[in-house]
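Q: no sequence on this one, just coordinates:
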């Protein structure tokens with residue numbers, strides 16, 4: 001018997017999450033942000049995924065550089081605490 005679209009999607013997500021070191025992100029953003037993401041990705045010749053990953057890592061690096069090494073603030077940031 002053929003699988004439904006939902007079954008195929010569930011199988012894909014299960015395979016995708018196995019050992020690839022990736023997390024699924026599903027969110028809504030406003031239209032102007034989405035259009036900007038599309039423009040930037042096209043301009044930089046990146047996929048939207050690649051561009052988001054680069055922007056996030058870049059912003060994270062900027063914050064880390066502002067925190068003193070071995071400080072409680074840096075430790076809390078790296079642990080995901082405020």
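A: Thanks, I have the structure now. All of these numbers come straight from a predicted model, not from anything done at the bench.
Q: please make it C-alpha for all contacts and neighbour counts, starting now.
A: Noted.
Q: residues in contact with residue 23?
A: Contact analysis of residue 23 by C-alpha atoms under 8 Å, 6 or more residues apart in numbering lists residue 17.
Q: any idea which element residue 64 lies in?
A: Using DSSP states H and E, residue 64 maps to helix 48-66.
Q: who touches that helix?
A: Counting by C-alpha under 8 Å, 6+ apart, 37-38, 40-41, 74 sit against helix 48-66.
Q: following that helix, which helix or strand comes up?
A: With elements assigned by DSSP H and E, the helix or strand that comes after helix 48-66 is helix 72-79.
Q: average pLDDT for that following helix, rounded please.
A: Mean pLDDT, computed over helix 72-79, is 95.
Q: okay, the angle between that helix and helix 48-66?
A: Direction vectors for helix 72-79 and helix 48-66, defined by axes from the mean of the first three to the mean of the last three C-alpha atoms, to 10 degrees, enclose an angle of 160 degrees.
Q: which neighbouring elements make contact with helix 72-79?
A: The contact analysis (3 or more C-alpha pairs under 8 Å, 6 or more residues apart in numbering; DSSP states H and E) places helix 72-79 against no helix or strand.
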